[in-house]
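*Asks:* I would like the atomic coordinates for the input below:
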Amino acid sequence: MLTIGDFARLGQVSPRMLRHYDEIDLLRPDRVDPVTGYRLYDVRQLGRLHRIVALRDMGFGLEQIAQVLSEEVSVDELRGMLRLRRAQIARTVEEEQGRLRRVEAHLRALEWSDTVELQDVVVKQTVPVRVARATATGLSHADIGAAFGRLLPRVLAHLEAAGVAPGLSVGVYEDQGGSVPEGELVLHAGFAIGDRDLPDGDDVHVVDLPVVEVAAATYRGPNDGIVAAWEALVRWVDDSGYRLVGDCRELYHEWDDTDPSRNVMELQQPIAR
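*Replies:* Residues are numbered from 1 along each chain as shown. The predicted structure follows:
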């Protein structure tokens, strides 16, 4: 007979774990000394202990292991349990590989931290947003600031005429993978209007932006840093194993014409795996 310490060393588990297995009726000692209360094990019980350890190592819970050891599970059922566990582990590995890519992408992004005021990137679902907006086409990056200056007053005037208060300012850049010529930008700029009903104007249209998965980052600072911030975000998306899809968005949470360093905006790039 083996003492609990000897049996624990033989099975490479702790005596505390053996006591727990005894308490839950998973592996009882061969006998208990009636005088000392010491647990004693037969070496033939090592096979049962090894099976418990093997099943635990594969991630099965103690209740599942108890079912297997009590022979309440058929061979086909055990095969099904193992296949399900394999699928769960595969998903976990995939998730961890994705997390590893994102960690590496953050490390590479830090190399640009001296020149780009870009906060940590997160992957999330957007919220539904109804936007009244106007559109400018055929833009270059240098034209964007002036385009905002033309479009937003038009939208504001339309909102004021309808008695609708403007919400968050929103800019949407149309996907160049669609009908937009290479090297040109299409900008849709306007304001969120909540759930208000608003008729379209001559050049102002109301749209509901779709709910999509995006890589999002917060940018703080003046306009001249936005292009570099977008470049850093796109680089993070690529480094993280995603691909760019759909129209990217800018949400302007704070805007200060007198002190651009106080500007706060969220950059949202739709992505797919």
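
*Asks:* show me where the stretch 1-150 of the chain has its strands.
*Replies:* For the stretch 1-150 of the chain, the strands defined by DSSP state E, counting those that start in this stretch cover 2-3, 31-32, 39-41, 122-125, 129-139.

*Asks:* this structure - how does it break down into domains?
*Replies:* For the chain, automatic domain parsing gives the domain ranges 2-73, 122-272.

*Asks:* so which of the strands of the stretch 1-150 of the chain gets nearest Glu77?
*Replies:* Of all the strands of the stretch 1-150 of the chain, strand 39-41 sits nearest to Glu77, with 29.0 Å by Cβ to Cβ. The C-beta positions use only the backbone N, C-alpha and C, and glycine is treated the same way.

*Asks:* who touches that closest one?
*Replies:* Applying Cβ atoms under 8 Å, 6 or more residues apart in numbering, the set of residues contacting strand 39-41 from outside is 1-4, 6-7, 18-19, 22, 29-33.

*Asks:* apply 6 Å and report the result again.
*Replies:* For strand 39-41, contacts defined as Cβ atoms under 6 Å, 6 or more residues apart in numbering pick out 1-2, 4, 7, 29-32.

*Asks:* quick check: mean pLDDT across the longest helix seen in the chain?
*Replies:* Across the chain, the helix with the greatest residue count (assigned by DSSP state H) is helix 75-110. For helix 75-110, the mean pLDDT works out to 84.

*Asks:* and the strand or helix carrying Val214, what other elements does it pack with?
*Replies:* Element membership of Val214, judged by DSSP states H and E, is strand 213-220. Packing partners of strand 213-220 (3 or more Cβ pairs under 6 Å, 6 or more residues apart in numbering; DSSP states H and E): strand 122-125, helix 226-239, strand 264-272.

*Asks:* would you convert these into JSON lines that also reports mean neighbour count?
*Replies:* Formatted as JSON lines, the helices and strands packed on strand 213-220 follow (neighbours: other Cβ atoms under 10 Å):
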{"stretch": "strand 122-125", "mean neighbour count": "11"}
{"stretch": "helix 226-239", "mean neighbour count": "18"}
{"stretch": "strand 264-272", "mean neighbour count": "20"}
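
*Asks:* as TSV, these with mean pLDDT and distance to Thr258 would be great.
*Replies:* Formatted as TSV, the helices and strands packed on strand 213-220 follow (pLDDT from 0 to 100; distance: least, Cβ to Cβ, whole Å):
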stretch	mean pLDDT	distance to Thr258
strand 122-125	91	30
helix 226-239	85	18
strand 264-272	93	15
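
*Asks:* coming back round to it: touching the strand holding Val214 from outside, list them.
*Replies:* For strand 213-220, contacts defined as Cβ under 6 Å, 6+ apart pick out 117-119, 121-126, 229, 233, 237, 264-271.

*Asks:* related to what we said a few turns ago, pipe the helices and strands packed on strand 213-220 into CSV and attach distance to His141 per row.
*Replies:* CSV is the format used below for the helices and strands packed on strand 213-220 (distance: least, Cβ to Cβ, whole Å):
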stretch, distance to His141
strand 122-125, 25
helix 226-239, 6
strand 264-272, 14
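
*Asks:* out of those, which is closest to Arg79?
*Replies:* Closest to Arg79 of the helices and strands packed on strand 213-220 is strand 264-272 (Cβ to Cβ; 34.6 Å).

*Asks:* okay, that closest one in PDB with CA atoms only?
*Replies:* Taking Å, rounded to 0.1, in the frame of the first residue of the first chain, the C-alpha atoms of strand 264-272 are listed here in PDB:
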ATOM      1  CA  VAL A 264     -10.900  64.900 -29.900                       C
ATOM      2  CA  MET A 265     -12.100  62.600 -32.700                       C
ATOM      3  CA  GLU A 266     -12.600  58.900 -33.200                       C
ATOM      4  CA  LEU A 267     -11.300  57.200 -36.300                       C
ATOM      5  CA  GLN A 268     -13.300  54.200 -37.400                       C
ATOM      6  CA  GLN A 269     -12.000  51.800 -40.100                       C
ATOM      7  CA  PRO A 270     -14.400  49.000 -41.000                       C
ATOM      8  CA  ILE A 271     -12.600  45.600 -41.000                       C
ATOM      9  CA  ALA A 272     -13.000  42.000 -41.800                       C
END
